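Undergrad: sequence first, then the predicted structure:
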Amino acid sequence: VKKEVVAKKPDTVPAQPLMPPNLGPDKPAFTKINLQAETLFDFDKAVLRADGKKTLDDEVVAKMKQYPEVEVVLVTGHADRIGSEKYNNSLSDRRAAAAKGYIVSQGIDAKRVETVGKGEAEPLVDCKDVKGRESGKNKKLVECLQPNRRVLVEVKVQAPAK
């Protein structure tokens with residue numbers, strides 16, 4: 001009589017998601033800062049306004065000086081959907097670069113600030129119910145899409161506090 005050999009399946013362990021290495025303490029020194037583009041720039045512009053500089057001083061520069069353990073912040077520029085995708089990508093890049101340039105001019109090491117532009121890719125509102133042309137001259141659409149025009153500043157790399 002021949003016995004059939006049945007291979008026992010090894011106990012399977014559910015796959016664990018790959019987690020990035022911990023780049024610092026569990027809690028960032030400061031929370032993500034959402035700056036509305038209208039505070040920093042005029043519509044469709046990437047030149048910092050005077051009140052935009054003050055906002056960056058108060059919201060970003062002061063915190064980076066207060067928390068030297070924050071080694072790198074990521075400054076992300078966003079645009080609304082008015083205009084071509086290529087143009088909006090460029091505008092969001094220029095806005096992030098303008099914010100970084102100002103932060104660095106206030107004594108923050110350029111190595112501590114990285115930038116990225118997301119263009120119109122990550123909207124907060126869609127405003128599909130607003131009638132009229134997709135144009136900067138459509139005041140209701142410009143007003144509705146305002147939350148999408150923003151600059152985010154968040155802690156990217158933070159050393160443990162000493």
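TA: Cool, got the structure. Residues are numbered from 1 along each chain as shown.
Undergrad: need the helix or strand of this protein with the lowest average pLDDT.
TA: helix 37-40 (a mean of 90; mean pLDDT, DSSP states H and E).
Undergrad: contacts for that one?
TA: 48-49, 51-52, 55-56, 78-79, 95, 98-99, 146, 149-151 (Cβ atoms under 8 Å, 6 or more residues apart in numbering). Heads up, the C-betas are built off the backbone N, CA and C, glycines and all.
Undergrad: ok, now with 10 Å
TA: 43-49, 51-56, 59, 77-80, 91-92, 95, 98-99, 102, 146-151 (Cβ atoms under 10 Å, 6 or more residues apart in numbering).
Undergrad: okay, and which of these map to helices?
TA: 51-56, 91-92, 95, 98-99, 102 (DSSP state H).
Undergrad: just the buried residues of those.
TA: Taking 16 or more other Cβ atoms under 10 Å as the criterion, what is buried in these is 52-53, 55-56, 91-92, 95, 98-99, 102.
Undergrad: which one of these sits closest to Glu71?
TA: Among those, Ala99 lies closest to Glu71 (Cβ to Cβ), at 18.1 Å.
Undergrad: picking up where we left off before, would you list the ones in helices among the contacts of helix 37-40 in TSV and tack on distance to Arg112?
TA: Compiled in TSV, the ones in helices among the contacts of helix 37-40 are given as follows (distance: Cβ to Cβ, whole Å):
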residue	distance to Arg112
Asp51	24
Gly52	20
Lys53	18
Lys54	20
Thr55	19
Leu56	14
Leu91	24
Ser92	21
Arg95	19
Ala98	17
Ala99	13
Tyr102	14
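Undergrad: okay if I get those as CSV plus distance to Val72 and pLDDT?
TA: Below are the ones in helices among the contacts of helix 37-40 laid out as CSV (distance: Cβ to Cβ, whole Å; pLDDT from 0 to 100):
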residue, distance to Val72, pLDDT
Asp51, 26, 92
Gly52, 22, 92
Lys53, 22, 95
Lys54, 24, 95
Thr55, 21, 94
Leu56, 17, 96
Leu91, 24, 96
Ser92, 19, 96
Arg95, 19, 95
Ala98, 19, 96
Ala99, 14, 96
Tyr102, 17, 97
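Undergrad: closest one to Val142 out of those residues, please.
TA: Nearest to Val142 among these, counting by Cβ to Cβ, is Leu91 at 14.1 Å.
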